[in-house]
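J.: Turn this into a structure:
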Amino acid sequence: MPQEDPVPDSGAKQSADGTQQLPRIQATVMTTIPKWLVPAAFLFGIAFLVAILALVVKIPGPTPTQFTVFRIIIALGGRLLAWR
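T.: Residues are numbered from 1 along each chain as shown. Got it, this is the predicted structure:
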């Protein structure tokens, strides 16, 4: 009984120099970002960072739980600022 190949054929082709070339896959669905979303994300990022800065000034010695919340909010604010 012949054994079946556990890996299905990927469609790769062997080139003349012995390397494999994978087939190109074209995207079928183009997604667009609404024009209002980018500035909104930027403004929310700025607001999160300003709020954390205000809390840090108001609470100079945060508890470990407060410090964890600050870190999460800073990460979210930075992510919103970096999002394009």
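J.: any idea which helix or strand carries Val69?
T.: helix 64-82 (DSSP states H and E).
J.: which strands and helices sit next to that helix?
T.: helix 37-58 (3 or more Cβ pairs under 8 Å, 6 or more residues apart in numbering; DSSP states H and E). All C-beta atoms are positioned from the backbone trio N, CA, C, and that covers glycine.
J.: Quick check: closest non-adjacent residue to Ile74.
T.: Computed as Cβ to Cβ, 6 or more residues apart in numbering, the closest residue to Ile74 that is not its neighbour in sequence is Ile52, at 5.6 Å.
J.: just checking, that neighbour touches Gly77?
T.: Yes: with contact defined as Cβ atoms under 8 Å, Ile52 and Gly77 form a contacting pair (6.9 Å).
J.: looking at this protein, which helix or strand is least sure?
T.: strand 13-14 (a mean of 68; mean pLDDT, DSSP states H and E).
J.: mind showing which ranges of this structure have poor pLDDT?
T.: Residue ranges of the chain with pLDDT under 70: 1-15, 22, 25-30, 83-84.
J.: quick one: Ile59 and Gly45, what's the gap?
T.: 21 Å (Cβ to Cβ, to the nearest Å).
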